[in-house]
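Enquirer: Need a 3D model of the following:
(chains A and B)
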Amino acid sequence: MFAFIISRILQALPVMLVVALISFAMFAYVGDPVSIMLGQDYTEAQRAALVAELGLDQPFFVQFARFVGNALQGEFGLSYRLSRPVAQLIAERAPATLELAFCAAALALLVGVPMGVYTGLYRNAWLSRFFLTFSLIGVSLPTFLIGILLILVFSVWLGWLPSFGRGDVVDLGWWSTGLLTWSGIKALILPSITLGLFQLTLIMRLVRAEMLEVLRTDYIKFARARGLPNRAVHFGHALKNTLVPVITIAGLQLGGIIAFAIVTETVFQWPGMGLLFIQSVGAADIPVMAAYLLLIALVFVTINLIVDLLYYAVDPRIRSGFGAARGGH
Amino acid sequence: MMPALLEVEDLRVEFPTRRGLLTALDGISFAIDPGEVLGVVGESGAGKSMTGAAIIGLLEPPGRIAAGQVRLAGRRIDTLPYEEMRKIRGREIGAIFQDPLTTLNPLYRIGDQLIETMQTHLGVNAAEARRRAIEWLELVGIPAAAQRVDSYPHEFSGGMRQRVVIALALCAEPKLIVADEPTTALDVSIQAQVITLLKRLAREKGTAMMLVTHDMGVIAEAADRVAVMYAGRIAEIGPVREVVRHPKHPYSVGLMASIPPLDRRVERLAQIEGAMPRLSAIPPGCPFNPRCPYAFGRCRTERPELLETGATRAACWLYDAASERHVAGARAHG
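Expert: Below is the predicted model of the structure:
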């Protein structure tokens, strides 16, 4: 188990290094930080001093090593646009995005999995047909359109829910949460639906397809032949066997939700990392973009590690396969 | 006389398809006494497994029982609602499937699969169920059962898995086991062990068994009586010795002739000309008539019921006193 985690982390290291290289390359190829920082009027001496101060006159590998070293300490430099430490900017924005992403993911899983099980079990029920038709909307409508439609209906016409922002936020020192106030929760509803709808329908369709597959297997027939109650057959024997592919997709999708909350955050003016990233792209704010890229890569790598560990927990064949590959138990 | 444990009467199973209604089983009637082992043989597609599935109420949709009755200890079970039938499955009728590699849920410890079956049917607590699970594993010959109870199916060989499946089928102590090709997927060397085990446990527990197979060796070894099936119908049914040594139905005659003898070398095995008809093209009259060397006029128009032939009953007009070629029956003895 411990060796498994270590080997996974070692495999993740090259990925992170490559992403770091790409982030670092942005500094060299996207705009010139020195002229951005100096503004319009400067002397050659000022310029040379700044280049030396930033270490830009040193060899590539030295610069890259320093970049990685700083990044490991959470040090990403100053934002060009806001002249504040990037780490601090991201730390301020991350709770908003993560809260939104986890609400969206929870919605997708808690609604998508039961809907998938239901449509898999009762293929021909009218409700199944309704779910499937509805899921086509989720898959085919673009996120921004769903967001705008939701705002139109629930904010403009009905006036039930706010159309932008996080509402009242409680500051816990290292984390600001909207989950503790009524207005914060209300503000979360529309963006979560917008962000999670695609994942919800994807998970529903995946669970449905897997259920149909698993329900045809011999061990399900045998479970029925042993007279086990339907609840045990469907939610124990069948659902558990659909989990491996569902965990894979759900994990990747959660990464996607965090990384690509940009559109939803823009539509709802959500003060998260996505919005920060979009504004930074507009201003060619390289340090923020580089840090964001690294952070998202870290999120994906971490989620992949968790997904692997979940496989390990769910499927005993993977456990023993891993043991056998390393000389056996 | 003891009443029969299982009675199947005039069972008919139909599959509605886009190209019309297929009759997979037609006029199946037989009975199994308590503790008796009935072998069911026939070619692939003869309806052996489907008969088993119909009895345990697990026909694959859209298949359905269109006519006839299935009675267990006098109680009609083919019309029971799903939930009622569920309580009978496992508890009163156990099932063993063909392929032990796919019959066990790969994600559940085998002990847990035994425990949940016993807890479902016997109302025992978890500790007692676990104790009995280990006992059952010992009974089916799993070495070091107390440790192996927490293993997963993939940690067992095929033969060992089939032993676990047998334990699962028997653990709620049903009165009847429907064993669908229990040895077909196993190595030849393991087959005999598994059949011996099954036979011994059935005798010890007084469990009756419907043993579906296409292996005449298994039938001869384990069954008391045998039913020969052909194209969804029973061709002949009777005591094993009689059917094997003195088959009456021309199909049984051909089937027995195609078993390789052990005591001498033969150049070519005997075979029956032609192939079993598809369900959509079963000929009128006796379904075997196009392949039957003794077929005559009546066989092509009128369907034979099971007729007394002495020791066995055969669905063949040769044994009807009213047939013009009744005497020809003597020749069918071969």
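
Enquirer: shaky segments in the stretch 51-200 of chain A?
Expert: Within the stretch 51-200 of chain A, no range satisfies pLDDT under 70.

Enquirer: Show me where it has its strands.
Expert: Assigned by DSSP state E, counting those that start in this stretch, the stretch 51-200 of chain A shows strands spanning A:170-171, A:176-177.

Enquirer: Equivalent analysis for the stretch 51-200 of chain B, please.
Expert: Using DSSP E, counting those that start in this stretch, strands in the stretch 51-200 of chain B cover B:64-72, B:75-76, B:93-96, B:176-180.

Enquirer: Highest mean neighbour count out of those?
Expert: With neighbours taken as mean count of other CB atoms under 10 Å in any protein chain shown, the strands of the stretch 51-200 of chain B reach their highest mean count in strand B:93-96, at a mean of 28. The C-beta positions use only the backbone N, C-alpha and C, and glycine is treated the same way.

Enquirer: Name the residues of chain B found near chain A, please.
Expert: B:56, B:58, B:86-91, B:94-95, B:97, B:99, B:102-108, B:116-117, B:120-121, B:152, B:154-155, B:165, B:168-169, B:172 (CB under 8 Å from any CB of the partner chain).

Enquirer: Right, and chain B sits closest to which residue of the stretch 201-329 of chain A?
Expert: Scanning the stretch 201-329 of chain A for the residue nearest chain B gives residue A:227, at 3.1 Å (criterion: CB to the nearest CB).

Enquirer: which one is the one residue in the stretch 1-150 of chain B that gets nearest to chain A nearest to, not counting chain neighbours?
Expert: As assessed by CB to the nearest CB, chain A sits closest to residue B:90 within the stretch 1-150 of chain B, at 3.1 Å. Nearest residue to residue B:90 in three dimensions, chain neighbours excluded: residue A:227, at 3.1 Å (CB to CB, 6 or more residues apart in numbering or on different chains).

Enquirer: I'd assumed the one you found was in a helix, is it?
Expert: No: per DSSP: H, G, I helix; E, B strand; the rest coil, residue A:227 lies outside any helix segment and is coil.

Enquirer: ok, so what distance separates it from residue A:15?
Expert: Relative to residue A:15, residue A:227 is positioned 49 Å away (criterion: CB to CB, to the nearest Å).

Enquirer: Settle it for me: which of these two has more neighbours?
Expert: Legend: neighbour count by other CB atoms under 10 Å in any protein chain shown for residue A:227 and residue A:15, higher for residue A:227 (24 against 14).

Enquirer: related to what we said a few turns ago, reformat the strands of the stretch 51-200 of chain B as CSV; add mean pLDDT and distance to residue B:159.
Expert: Conversion of the strands of the stretch 51-200 of chain B to CSV gives the following (pLDDT from 0 to 100; distance: least, CB to CB, whole Å):
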stretch, mean pLDDT, distance to residue B:159
strand B:64-72, 93, 31
strand B:75-76, 92, 36
strand B:93-96, 94, 13
strand B:176-180, 94, 15
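
Enquirer: Can you lay out the ones you listed as a markdown table showing distance to residue A:296?
Expert: Below are these laid out as a markdown table (distance: least, CB to CB, whole Å):
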| stretch | distance to residue A:296 |
| --- | --- |
| strand B:64-72 | 55 |
| strand B:75-76 | 65 |
| strand B:93-96 | 52 |
| strand B:176-180 | 53 |
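
Enquirer: Ok, which of those comes nearest residue B:313?
Expert: strand B:64-72 (17.4 Å; CB to CB).

Enquirer: Contact partners for residue 192?
Expert: The chain I'm using is chain A. A:100, A:103, A:104, A:107 (CB atoms under 8 Å, 6 or more residues apart in numbering or on different chains).

Enquirer: oops, I was thinking of chain B
Expert: Per CB under 8 Å, 6+ apart, neighbours of residue B:192: residue B:221.

Enquirer: Please compute how far stretch B:186-205 lies from its chain's middle.
Expert: 15 Å (CA atoms, centre = their mean, to the nearest Å).

Enquirer: Convert the C-alpha atoms of that stretch to PDB, please.
Expert: Only the C-alpha atoms of stretch B:186-205 are listed here, as PDB (Å, rounded to 0.1, in the frame of the first residue of the first chain):
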ATOM      1  CA  LEU B 186     -13.800 -27.400 -15.600                       C
ATOM      2  CA  ASP B 187     -10.700 -29.400 -16.400                       C
ATOM      3  CA  VAL B 188     -11.500 -33.000 -17.100                       C
ATOM      4  CA  SER B 189      -9.400 -34.100 -14.100                       C
ATOM      5  CA  ILE B 190     -11.500 -31.800 -11.800                       C
ATOM      6  CA  GLN B 191     -14.900 -32.700 -13.300                       C
ATOM      7  CA  ALA B 192     -15.000 -36.100 -11.600                       C
ATOM      8  CA  GLN B 193     -14.100 -34.600  -8.200                       C
ATOM      9  CA  VAL B 194     -16.800 -32.000  -8.500                       C
ATOM     10  CA  ILE B 195     -19.500 -34.400  -9.600                       C
ATOM     11  CA  THR B 196     -18.600 -36.800  -6.800                       C
ATOM     12  CA  LEU B 197     -18.700 -34.000  -4.300                       C
ATOM     13  CA  LEU B 198     -22.100 -32.800  -5.600                       C
ATOM     14  CA  LYS B 199     -23.500 -36.300  -5.500                       C
ATOM     15  CA  ARG B 200     -22.200 -37.000  -2.000                       C
ATOM     16  CA  LEU B 201     -23.600 -33.700  -0.600                       C
ATOM     17  CA  ALA B 202     -27.000 -34.200  -2.300                       C
ATOM     18  CA  ARG B 203     -27.200 -37.700  -0.700                       C
ATOM     19  CA  GLU B 204     -26.100 -36.500   2.700                       C
ATOM     20  CA  LYS B 205     -28.500 -33.600   2.800                       C
END
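
Enquirer: hey, C-alpha coordinates of stretch A:89-103 in PDB?
Expert: Taking Å, rounded to 0.1, in the frame of the first residue of the first chain, the C-alpha atoms of stretch A:89-103 are listed here in PDB:
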ATOM      1  CA  LEU A  89      -4.000  36.200  -4.700                       C
ATOM      2  CA  ILE A  90      -4.600  32.500  -5.300                       C
ATOM      3  CA  ALA A  91      -5.100  31.700  -1.700                       C
ATOM      4  CA  GLU A  92      -7.800  34.400  -1.600                       C
ATOM      5  CA  ARG A  93      -9.500  33.100  -4.600                       C
ATOM      6  CA  ALA A  94      -9.100  29.300  -4.200                       C
ATOM      7  CA  PRO A  95     -11.900  28.800  -1.500                       C
ATOM      8  CA  ALA A  96     -14.500  30.200  -3.800                       C
ATOM      9  CA  THR A  97     -13.600  28.000  -6.700                       C
ATOM     10  CA  LEU A  98     -13.100  24.900  -4.600                       C
ATOM     11  CA  GLU A  99     -16.400  25.400  -2.800                       C
ATOM     12  CA  LEU A 100     -18.200  25.800  -6.100                       C
ATOM     13  CA  ALA A 101     -16.400  22.800  -7.700                       C
ATOM     14  CA  PHE A 102     -17.200  20.500  -4.800                       C
ATOM     15  CA  CYS A 103     -20.800  21.600  -4.700                       C
END
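
Enquirer: got a list of contacts for that stretch?
Expert: A:76, A:79, A:82, A:166, A:174-179, A:188, A:191-192, A:195-196, A:254, A:257-258, A:261, A:264-265, A:270-276, A:288, A:291-292, A:295.

Enquirer: Next step: those residues restricted to helices.
Expert: Within those, residues falling in helices by DSSP state H are A:188, A:191-192, A:195-196, A:254, A:257-258, A:264-265, A:273-276, A:288, A:291-292, A:295.

Enquirer: Thank you, goodbye.
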